[in-house]
Structure formats: structure tokens, C-alpha cells
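> After the sequence you'll find the predicted model.
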Amino acid sequence: MAQQDILSTLRKLISGMDESLVIFDQNGTVLHASFDLEKLLGRSNLVGTTIFDHLTYEHERIAQFLGDLNTSKYIDVQVVLKNGNGSFTGRMRLASWRVDEGEFLVLGSLVDATHIERKRRDLLRKTLTIELLSKSKKIRSGKLHDAIYEILEMSSKAAGVTRVNAWLFDESHDRIECIGNYDTRSGKMVPQESLPVIEMPTYFMLFETEKIIIAANAQASPYTSELNEAYLIPNGIVSLMDIPLRSEGEIIGVICFEQVKQTRNWSLNDQKFGLIAAQMVSLAVETHKRKLAQQELEAALRQQKRLLTETNHRIVNNLKITESLLNIQVNKAKDSYHRNLMLDSVNRVQSILNLHEMLTENSKNLRISLNQYVNRLVQSLRESLSFPQKQLQLLTSIDSCEIKSSLAMCIGIIINEAVLNSYKHAFAENELGVIRIDFQMLGPKGVLEISDNGKGIKGNREFTGSGVEIIKGMVEHLNGNLDVDGTNGMKICVSFSMR
């Protein structure tokens with residue numbers, strides 16, 4: 001009696017529910033089934049059958065539940081159900097009540113899970129596609145055609161649409177040009193002509209406010225119908241989902257998902273996937289532009305390097321010619337005065353020539369080794385000043401460092417003029433003498449000292465001459481300090497910032 005009362009109550013309760021519901025006893029015998037359940041299973045009058053008659057598997061879990069109703073109150077299980085057309089995946093929720101000693105009633109709710117499984121697989125497919133695209137070497141390589149082909153092909157398969165294409169505005173924004181149109185019917189890219197923006201003002205204005213344009217019936221939609229004549233009707237497009245491509249906040253184009261000959265209702269998952277695909281296309285375009293810019297920069301740097309190398313070679317050649325011409329004049333000089341004038345010029349040219357030869361040898365770097373430069377310069381001075389009437393020693397002590405070529409030029413000229421000055425004025429004929437060149441790094445400052453053990457400056461005589469004026473000019477150019485001491489030989493000390 002209790003069972004009949006509860007069964008009557010449950011029938012009244014579920015009679016108004018628009019769901020697939022069933023009531024059966026502890027043996028699985030169906031006591032009542034809703035109309036929706038009969039429709040779902042493709043059978044009428046299910047009363048008297050058992051729940052097991054409608055299952056293709058999961059018998060054991062249901063039987064186990066029914067066999068232990070004293071402790072089991074609820075179960076939620078995926079099953080495969082039979083219907084008139086074969087079978088389908090379903091989800092069954094069962095709840096039990098004790099109606100009498102050893103007697104139970106079970107209320108079950110059955111749902112067709114085919115679309116749930118389809119959604120799960122669709123989401124898994126799109127997720128996997130996004131993961132693969134995020135690791136794509138083609139997108140990162142900057143090869144736009146290969147990257148676009150990969151994105152469009154994988155996106156069309158993941159979204160299950162007929163066509164996926166990508167478009168970019170031209171420089172004037174008067175036209176939008178297709179950079180790839182993948183058609184699943186042919187399994188390849190197919191040509192697509194560019195479109196004039198002016199003929200589709202509403203469509204393109206919509207991108208300024210919307211992240212995405214969706215239309216199940218694109219040819220009737222007020223947002224996309226202006227595309228009918230030029231694009232939708234000729235290509236048989238029924239439904240579309242279009243997402244703008246953005247770069248640094250600016251709209252640069254659009255990616256289009258298009259269904260041909262049938263209606264497509266775009267799900268939330270479709271829209272999210274489309275937004276990510278648009279980001280992938282934008283990334284490919286930006287990477288391609290950066291690659292082109294990098295290639296142009298590298299070409300410009302190579303050209304600049306060639307020009308710099310060629311310029312240095314020409315300067316060195318011209319200086320060598322100048323040096324040769326001056327040496328000819330030295331040999332033609334009829335007196336020591338003019339000969340010394342020519343020698344001074346030869347040494348000045350040689351100091352500049354040494355610097356440019358080092359720059360030419362080390363064309364990758366505009367900084368040179370001061371130690372190597374001074375030693376090369378001093379060797380040139382030894383060769384040019386090796387005359388029998390004056391036996392001089394040139395000694396150097398230079399801290400190792402690399403300096404800018406402009407700074408090296410000033411230091412070289414100062415050394416050249418100071419050594420020439422000592423050679424001409426510090427020693428008498430046939431006198432042995434020593435000229436020292438020392439350079440030290442003292443923190444951010446450099447200290448250059450050129451000294452000799454000659455006669456120095458006697459009395460109040462000033463430190464003058466054309467070479468002295470050149471030294472002062474170089475020190476001023478370096479924003480440095482010049483100290484001259486002629487009391488015990490001659491000592492010229494120049495301190496300046498190395499930065």
C-alpha cells in the first residue's frame with residue numbers, strides 16, 4: 001500500500017515535467033515512464049519492461065546499485081541506450097526510496113549525452129589546435145605565407161567550417177587584400193580577390209566597436225548583407241564569424257570563418273577559438289614585419305660597414321701617398337731647416353696613418369688598443385728620427401686599455417709633437433738622450449706623460465712653438481689639463497677624462 005501511495009505521488013509530480021523520467025522497482029521493472037522518455041527511446045508503453053532491456057552496457061553498475069539499496073541512495077552514470085535507430089550515449093541519474101520492508105522505488109532521469117560528448121570532443125580538438133599553434137616554428141620564423149597556411153588549415157579543421165581566410169588592409173586602407181583562403185572542400189589555399197572598403201562601410205565600422213561579428217544568416221543580416229553582391233552570394237556563404245586582426249591596438253585586417261550552403265550557429269567555444277586564431281594571425285603578421293625590418297637593418301649595417309671599410313682604405317691610401325710625397329721633399333731639401341719642416345709633417349701624417357691602419361685592421365670595432373697604437377707610433381718615430389747626430393732612446397710604459405678612435409687621434413698627435421719638440425730642442429748633437437712616454441689609468445681619468453732628460457727650459461723662457469700650439473689645441477679638445485715642468489729636463493703631463 002505504501003508503494004502504491006508513493007508511486008501515485010511520484011506520477012503526479014513528474015507528469016508536468018518536460019524531462020525523460022522513469023520509475024522502477026528494486027528489480028529494475030519499469031512502473032512508469034514519461035512521454036519524453038518513450039520518445040527518447042523510440043518505444044511506447046515501457047511499463048513492464050526492465051531498465052536493463054534498454055541498456056547496451058553498464059548493466060553491472062545498475063545491478064549493483066539495485067542490489068544494495070539499503071545503503072545506496074544515488075548514482076550518476078554514463079550509459080549507452082538503445083533506440084529505434086540503434087544506440088546513443090546517455091547520462092542516467094538514479095535516486096531510491098524505501099517504501100516498505102525490503103521494497104524500494106527508484107526515480108531515474110535520462111539525458112541524451114550525444115551533444116555533450118560532441119561538445120567535449122569539439123573543445124578538446126580546439127584546445128589541442130591552440131596548443132600546437134602556440135608552439136609553431138612557422139609563426140615564429142617570420143615566414144608569413146607558411147604561417148598563415150598552417151593557421152588557416154588547422155583552424156578550419158578545429159572549427160569544422162568550410163572556409164577560413166585572413167585579410168589585411170593595404171597601406172591606404174582603401175582595399176582589404178586576402179593573404180590566405182583555405183577551403184576544406186579542396187584541401188588547399190584558393191585565390192580570393194581583394195575587396196574595396198568603401199563598398200562595405202557598415203561592416204568595417206562595426207569593427208571599431210565589436211570584438212567579433214557573427215551571423216547565422218549572413219546574407220540577411222543588416223551587418224553583413226552589404227557583402228552579398230561582391231562576396232557572400234558568389235561564394236555561397238550562408239553563415240560567417242569574422243574577427244578583426246589588431247596590431248598595437250590598431251585594426252590591420254580580419255580573419256573570417258565561413259560556412260557554405262548550410263546554416264551555422266556559432267557557439268561560445270567557436271567564438272573564443274576564433275579570437276585566439278585572430279591573435280595567432282596577428283602574431284604571424286607582426287613577426288613577419290619585424291623580420292623584414294631586421295633584414296633591412298642588417299642590410300643597412302652591412303652597407304655601412306662596407307662604406308666604412310672602403311673609406312678607411314681610401315684614407316690610408318691617401319695618407320700613404322701624402323707621406324711618400326713629403327719624403328720626396330725631405331730628400332730634396334737643401335738645408336736642415338727645410339728638411340726638419342718636412343720631417344715634422346711626415347711624422348704628423350704618420351701618426352694619423354697608424355691610427356687609420358689599425359681601424360682598417362679592426363673594422364668590427366671603432367675602439368682600438370692604446371698600447372698597440374702608441375707602440376706603432378713610437379716605432380715610426382724611431383725610424384724617422386734615427387740620425388747619427390742624435391742618439392736617442394724612446395721608451396714607453398702604457399696601461400692596457402681600449403679607447404675611442406677620436407681620443408686615440410688626439411693622444412697620438414700630442415705624443416708626436418712632444419717627441420719632435422724634445423728631439424729638436426732638448427739635446428745637443430752627439431748627445432745621448434732618453435725620451436719616455438708613460439700612460440696610466442687613474443679611475444675615470446687618463447694621465448699621459450712625455451718626459452726627457454735634456455736641458456729643459458732655463459730661466460723664464462716660455463714653452464712656445466708651433467708644436468706647442470698643436471699640443472695645447474689637442475688638450476683643449478680633450479677638455480683636459482696641461483702641466484709643463486722644464487726644471488729638470490722637460491716633462492709634459494696631460495690629464496683628461498676617458499669617458
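Cool, the structure landed. Numbering: from 1, shown residues only.
> need the strands for the stretch 1-150 of the chain, in chain order.
With DSSP state E, counting those that start in this stretch, the ranges of strands along the stretch 1-150 of the chain come out as 21-25, 30-33, 55-57, 74-83, 86-100, 103-112.
> Report the mean confidence score over the shortest one.
Right, strand 55-57. The pLDDT scores in strand 55-57 average 81.
> With the second one instead?
Strand 30-33 shows an average pLDDT of 90 in the prediction.
> Run through the neighbouring helices and strands of it.
helix 2-14, strand 21-25 (3 or more Cβ pairs under 8 Å, 6 or more residues apart in numbering; DSSP states H and E). Heads up, the C-betas are built off the backbone N, CA and C, glycines and all.
> That one pairs with which strands?
In the sheet, strand 30-33 lines up against strand 21-25 (antiparallel) (DSSP bridges).
> distance of the residue nearest to Asp174 when sequence neighbours are not counted from Asn181?
Closest residue to Asp174 apart from its sequence neighbours, by Cβ to Cβ, 6 or more residues apart in numbering: Val197 at 5.9 Å. Per Cβ to Cβ, to the nearest Å, Val197 is found 18 Å from Asn181.
> that older thread, got the contact list for the residue nearest to Asp174?
Going by Cβ atoms under 8 Å, 6 or more residues apart in numbering, Val197 touches 169, 173-176, 204.
> if I look at it, how far off is Glu177?
Taking Cβ to Cβ, one finds Val197 at 11 Å from Glu177.
> okay, and the common contacts of those two?
With contacts taken as Cβ under 8 Å, 6+ apart, Val197 and Glu177 have Phe169 as neighbours in common.
> So Val494: helix, strand or coil?
For Val494, the secondary-structure state derived from DSSP: H, G, I helix; E, B strand; the rest coil is strand.
> which residues does it bridge with?
Leu448, Leu482.
> wait, doesn't it sit right on Leu482?
Yes. Using Cβ atoms under 8 Å, Val494 makes contact with Leu482 at a distance of 5.6 Å.
> More neighbours: which of the two?
Val494 (24 against 18; other Cβ atoms under 10 Å).
> and the more buried one, what pLDDT?
93.
> which residues of this protein score low on pLDDT?
For the chain, the stretches flagged by pLDDT under 70 are 1-18, 308, 312, 344, 348, 351, 355-366, 385-390, 459-464, 466.
> Do you have the helices of it handy? List them.
2-14, 35-41, 59-67, 114-134, 137-141, 144-159, 201-206, 233-235, 268-332, 336-361, 370-384, 405-425, 466-477 (DSSP state H).
> Flag every buried residue along the last one.
Going by neighbour count (16 or more other Cβ atoms under 10 Å), the buried part of helix 466-477 is 467-468, 470-471, 474-475.
> Show me what that helix packs onto, helices and strands only.
The contact analysis (3+ Cβ pairs under 8 Å, 6+ apart) places helix 466-477 against helix 405-425, strand 481-485, strand 490-497.
> quick one on the thing from earlier: dump the contacts of Val197 to CSV, plus neighbour count and distance to Val330.
Below are the contacts of Val197 laid out as CSV (neighbours: other Cβ atoms under 10 Å; distance: Cβ to Cβ, whole Å):
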residue, neighbour count, distance to Val330
Phe169, 19, 71
His173, 11, 71
Asp174, 11, 72
Arg175, 16, 73
Ile176, 19, 75
Phe204, 18, 79
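> Can you redo those residues as CSV, where the extra columns are distance to Thr322?
Output for those, formatted as CSV (distance: Cβ to Cβ, whole Å):
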residue, distance to Thr322
Phe169, 58
His173, 58
Asp174, 59
Arg175, 60
Ile176, 62
Phe204, 67
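> Check those residues against Leu395 and report the nearest one.
Nearest to Leu395 among the contacts of Val197 is Phe169, at 71.4 Å by Cβ to Cβ.
> Enumerate every residue touching that closest one.
Neighbouring residues of Phe169 by Cβ under 8 Å, 6+ apart: 175-177, 197, 251-253.
> Beta-bridge partners for His32, please?
Ile23.
> Hmm, it is touching Val47, no?
Yes. In this structure His32 lies within contact range of Val47 using Cβ under 8 Å: 6.6 Å.
> out of those two, which sits in the busier spot?
His32 (19 against 12).
> Can you list phi and psi of Ala333 for me?
Taking degrees, to the nearest 10, you get phi -60, psi 140 for the backbone angles of Ala333.
> what's the distance between it and Val419?
As defined by Cβ to Cβ, Ala333 lies at a distance of 21 Å from Val419.
> and these two? which has more neighbours close in?
Neighbours per residue (other Cβ under 10 Å) separate Ala333 from Val419, with Val419 holding more: 24 against 14.
> isn't the more buried one right next to Ile437, touching?
Yes. Between Val419 and Ile437 there is a contact under Cβ under 8 Å: 7.4 Å.
> Alright, calling it a day.
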